[in-house]
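*Asks:* Here you go, sequence then predicted model.
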Amino acid sequence: MDFDNAQTNYDSAVAQLKSLEQQVQQQKVELRYYRVSAPMDGIVGDIPVRVGDRVTVSTLLTTVDERGAGGVFVCTGFAGEGVAAGPAGETAG
């Protein structure tokens, strides 16, 4: 009888593990829809949206200015989440 209970508990745990693994995989797929990456190296320009703003696929989130394109870049304090710019294709975080 103890073996049967142990086997049932094991089978249940294995099924739960498989279910959780599928949930993790689904969340990884969905997370790709929330990734923001730059098409080129550069400096983050104006950020017209703020935390909590509703956006659509056509909402301009920021601009990326090319490095070495001339001009003056002034960095000031920023109230909000951290922002970073990196090589093209990498996620800013």
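*Replies:* Right, received. Where do you want to start? Numbering: from 1, shown residues only.
*Asks:* domains for this structure, by residue range?
*Replies:* 1-34, 36-93 (automatic domain parsing).
*Asks:* Any idea which of the ones you listed has the lowest pLDDT on average?
*Replies:* The minimum mean pLDDT among those belongs to domain 36-93 (a mean of 68).
*Asks:* quick one on the thing from earlier: kindly reformat the domains of the chain as TSV containing mean neighbour count.
*Replies:* Placement of C-beta: from N, CA and C, glycine included. As requested, these are arranged in TSV below (neighbours: other C-beta atoms under 10 Å):
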stretch	mean neighbour count
domain 1-34	9
domain 36-93	10
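*Asks:* How much space separates the spatially most central residue of the chain from Val29?
*Replies:* Nearest to the geometric centre of the chain sits Arg35, at 4.1 Å (C-alpha atoms, centre = their mean). Arg35 is 12 Å from Val29, where distance means C-beta to C-beta, to the nearest Å.
*Asks:* now Arg54
*Replies:* Between Arg54 and Val29 the computed distance is 23 Å (C-beta to C-beta).
*Asks:* swap in Asn5?
*Replies:* When Asn5 is compared with Val29 (using C-beta to C-beta), they lie 37 Å apart.
*Asks:* now the strands for the protein?
*Replies:* 43-44, 64-65 (DSSP state E).
*Asks:* Would you format the ones you listed as TSV with distance to Val14 included?
*Replies:* Shown next, in TSV, are the strands of the chain (distance: least, C-beta to C-beta, whole Å):
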stretch	distance to Val14
strand 43-44	47
strand 64-65	47
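*Asks:* And the helices in the protein, which stretches?
*Replies:* 2-31 (DSSP state H).
*Asks:* where's Gln16 relative to Ile47, distance?
*Replies:* Taking C-beta to C-beta, one finds Gln16 at 42 Å from Ile47.
*Asks:* swap in Val55?
*Replies:* 12 Å.
*Asks:* go on, Leu61?
*Replies:* Counting by C-beta to C-beta, the gap from Leu61 to Ile47 is 7 Å.
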